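In: have a look; sequence and predicted model below, questions after that.
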Amino acid sequence: MPDRELEDQSPTESAGNTPEVDGAFFTHSPDPAVRYSFSDGEPIVTAVNPAFESVFGISANAIIGQSLDERVVSADGGDPTAALITQIRSGESIDTAIHRETTNDDRYFRLRTFELSGTEPTQWYAVYTETTEETARARRLERYELLVESVGDPMYVLSADGVIECVNRAMADSLGIDRAEIVGKRPDAFLTDDSVERAIETLREIEAHPERRHGRFEMTVEHGGELIIIGEAHVTVLTDKTGESIGSVGVVRDITDRSQYEQTFETLQQTTRSLLSSKTVKQTVQTAVEATESVLNSAFVTVLLVNEKTDRLEPTAVSQELLDLYEMTESRLSFDVGEGLTGGAFVTGEPAYYPDITKEPNLSRENPRLRSVILHPLGEHGLLLIGSDLFDDFDQIDRDFAEILAATTEAALDGAAHHDALKQREQELQRQNDRLEAFASVVSHDLRNPMNVAQGYTNLLEAAIDDDDALGYLHRTTDALDRMETLINNLLSLAREGTAVENPVPVAIDSVAADAWASTAPDTATVTIDVDMTVAGDRSRLQQLFENLFSNAVEHAGERVTVTVRAIADGDERGFYVADDGPGVDSDIAESVFEWGVTSDAEGTGLGLAIVSEIADAHGWDVRVQSDNGARFELRWPSS
């Protein structure tokens, strides 16, 4: 029983108290504390601090002088309480977790007891440090760990400071890493840097918007420098009762195949753009081989094109590995149309896949070191061959991608073949232009010189002859020579006007038309120029165009002709026209009036309007003729 003298002590202390200890420990400690000493082996409470009275709702008067046994934990503590009392009675120091009632509700505490030496009688202290939140957090994490372990999908639990506290067996199995190597480490030990950044950003977004609660991010897991999986993590932030984060839990789904598929598809899209932008057959097939190597991760690729002269499929672009396999001999890669599996696929026009070509009876010169082979005809152009030295190495997705590559390559070859044909046509036209230019030079030099001599002598004869008949014959000769000069000039113009305008400059139509009228029309003719328009063109050649049209008007309508030049604004087209008040264009030649040598005038050369057409073409214009109350020549081009 407690000493009777304790009843006379103050409510918070008894004999033997040390003022320094009471002041520092009891008065200021935020943790509930009890001081006790032993009397006849019984732990008797000698003092409690204010925090004890506040937290547990027990006044000092009610507990001082009482045995500590009944105040350690709740009365329903059970066996753990009995064991704890036994330890206290034996004078052991205690450091353990307990659960006891407080003024608010049940709380968790860390109970520690220790002896204060140098006091008489010996004093002991029991200190209660609250651990309710930590205990709840730990229990919550334990529950999540149990949940994680029971889920079939790979799952993990992170603590609030970002340490991996738990992973389930499915997670460890998917990574191929023992759980002991994962738990206790930070995610950056396994995730790529960009994956860690995405994870942090996702958690920040969730914490900034609590209503969301969940988020997801893509993670790439590496271990030992090798890719393990690409996963999509669905993460949830764990919080305590106050809403403070205590960690996070995530479910990971393996999307490695999907991610690689998306990457392959992106590469395929880039390849499609590259193929369709290829300008030549050679460039197209080389791009196709490189693209197939990249998209299908296949080292053995070739595009074989048909040689129409030899009727053989010949390799036009070959991957280096395939050349090495065939000992650098491209001729061994050539097949007659219809020969073997390769030539046969081209003839049928149907794609074929052989998981093991060594089992095929129609094997020709296909290297048996190639086991699985995809053969895709490329229309009339040739065939795409994709091979592997492994049995059945191409799955359905690979074959689908191969089909897309083949179709794109065929379309690109169509375009490249057309481009090559156009280029050959351009080269042929250039050769024709060169020959025409050479012809023009011959005409200019070899014909003009003797004609000039003839004109000079006729002028001398005209001055020396008095006979009217002779002069008449001489005038006819002079007219013929003048006609020859006109013909030569027109031929030279025609030879040189067919080329496109290379360096166009702004040209005012009204100005160039006025200059042309001044140099060609007689004083008796009349012109109205009503066009406010500037075009990009060659001023000299445009003046030639107007001169020829004005000369044509005078030639067919007479020297008193009236000519009008006006603008055209007609829907999607714009331009200008040159009209006269003459008899119009003969219906017999209306459709061919711009062709060489076509004219309704016995004295005409038939080249003037042909030159007009050539100049219009050189500027990218369309020239048309109408015959209604005279001839009307229209020059049109798109308004956009």
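Out: Looks like it arrived, so ask away.

In: what's the domain layout of the protein?
Out: Following automatic domain parsing, the chain resolves into domains at 4-130, 135-254, 260-496, 498-638.

In: Serialize those to a markdown table and add fields for mean neighbour count and mean pLDDT.
Out: All C-beta spots, glycine's among them, are computed from the backbone N, C-alpha and C. Shown next, in a markdown table, are the domains of the chain (neighbours: other Cβ atoms under 10 Å; pLDDT from 0 to 100):
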| stretch | mean neighbour count | mean pLDDT |
| --- | --- | --- |
| domain 4-130 | 16 | 74 |
| domain 135-254 | 16 | 79 |
| domain 260-496 | 16 | 77 |
| domain 498-638 | 17 | 86 |
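
In: show me the contacts for Arg68.
Out: Just to correct that, residue 68 is Leu rather than Arg. 34, 36, 43-45, 88, 126 (Cβ atoms under 8 Å, 6 or more residues apart in numbering).

In: quick check: Thr564 touching Ala553?
Out: No - with contacts counted by Cβ atoms under 8 Å, Thr564 stays clear of Ala553, the gap being 10.0 Å.

In: overlap in contacts, those two.
Out: Counting by Cβ under 8 Å, 6+ apart, the residues touching both Thr564 and Ala553 are 578, 580.

In: in this structure, which helix has the most residues?
Out: helix 396-442 (DSSP state H).

In: that one - contacts with which helices or strands?
Out: On a contact count with 3 or more Cβ pairs under 8 Å, 6 or more residues apart in numbering; DSSP states H and E, helix 396-442 meets helix 256-276, helix 281-296, strand 372-377, strand 382-388, helix 468-497.

In: among the contacts of Leu68, which are in strands?
Out: Using DSSP state E, the subset of the contacts of Leu68 located in strands is 34, 36, 43-45, 126.

In: mind putting those into a markdown table with distance to Asn503?
Out: Listed next are these as a markdown table, based on distance: Cβ to Cβ, whole Å:
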| residue | distance to Asn503 |
| --- | --- |
| Val34 | 105 |
| Tyr36 | 110 |
| Pro43 | 112 |
| Ile44 | 115 |
| Val45 | 110 |
| Ala126 | 103 |
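
In: doesn't Glu308 make contact with Glu314?
Out: No - using Cβ under 8 Å, Glu314 is not in contact with Glu308, being 10.8 Å away.

In: can you list the strands that the one helix or strand Cys166 maps to pairs with?
Out: For Cys166, the element it lies in under DSSP states H and E is strand 164-167. Next to strand 164-167 in the sheet, as set by DSSP bridges, lie strand 155-159 (antiparallel).

In: then the partner strand to CSV, C-alphas only?
Out: Presented in CSV, the C-alpha positions along strand 155-159 are these (Å, rounded to 0.1, in the frame of the first residue of the first chain):
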residue,chain,number,x,y,z
MET,A,155,1.6,-3.6,-58.4
TYR,A,156,3.8,-1.6,-56.1
VAL,A,157,3.6,0.7,-53.0
LEU,A,158,5.7,3.8,-52.6
SER,A,159,6.2,5.6,-49.3
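
In: the host helix or strand of Ala610: what's the following helix or strand?
Out: Secondary structure from DSSP H and E places Ala610 in helix 608-618. Moving toward the C-terminus from helix 608-618, the next helix or strand (DSSP H and E) is strand 622-627.

In: tell me who's in contact with Glu293.
Out: With Cβ under 8 Å, 6+ apart, Glu293 has these contacts: 299, 301, 319.

In: and the residue nearest to the first one when sequence neighbours are not counted, what helix or strand is that in?
Out: In this case it means Ala299. Leaving aside its chain neighbours, Ala299 sits nearest to Glu321 (3.8 Å; criterion: Cβ to Cβ, 6 or more residues apart in numbering). For Glu321, the element it lies in under DSSP H and E is helix 320-325.

In: contacting residues around that helix?
Out: 299-302, 330, 333, 367, 369-370, 387, 389.

In: cool, and stretch 98-110?
Out: The contact list for stretch 98-110 (Cβ under 8 Å, 6+ apart) reads 32, 54-57, 72-74, 77, 84, 95-97, 111, 128-132, 134-136.

In: how near is the residue nearest to Ala299 to Val196?
Out: 37 Å (Cβ to Cβ, to the nearest Å).

In: ok, Asp161 next?
Out: 15 Å.

In: so in this structure, which strand runs the longest?
Out: Counting residues, the longest strand in the chain under DSSP E turns out to be strand 226-239.

In: please save the CA atoms from the helix or strand just after that one in PDB.
Out: As assigned by DSSP H and E, the chain's next helix or strand after strand 226-239 is strand 245-254. The C-alpha trace of strand 245-254 is given here as PDB (Å, rounded to 0.1, in the frame of the first residue of the first chain):
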ATOM      1  CA  SER A 245       0.000  12.100 -48.600                       C
ATOM      2  CA  ILE A 246       1.500   8.900 -47.100                       C
ATOM      3  CA  GLY A 247       2.600   7.300 -50.300                       C
ATOM      4  CA  SER A 248       1.100   5.900 -53.500                       C
ATOM      5  CA  VAL A 249       0.100   2.600 -55.000                       C
ATOM      6  CA  GLY A 250       0.300   1.700 -58.700                       C
ATOM      7  CA  VAL A 251      -0.900  -1.000 -61.100                       C
ATOM      8  CA  VAL A 252       1.400  -1.600 -64.100                       C
ATOM      9  CA  ARG A 253       0.200  -3.000 -67.400                       C
ATOM     10  CA  ASP A 254       2.800  -4.200 -69.900                       C
END
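
In: quick one: strand 245-254 to strand 155-159, angle?
Out: 160 degrees (axes from the mean of the first three to the mean of the last three Cα atoms, to 10 degrees).
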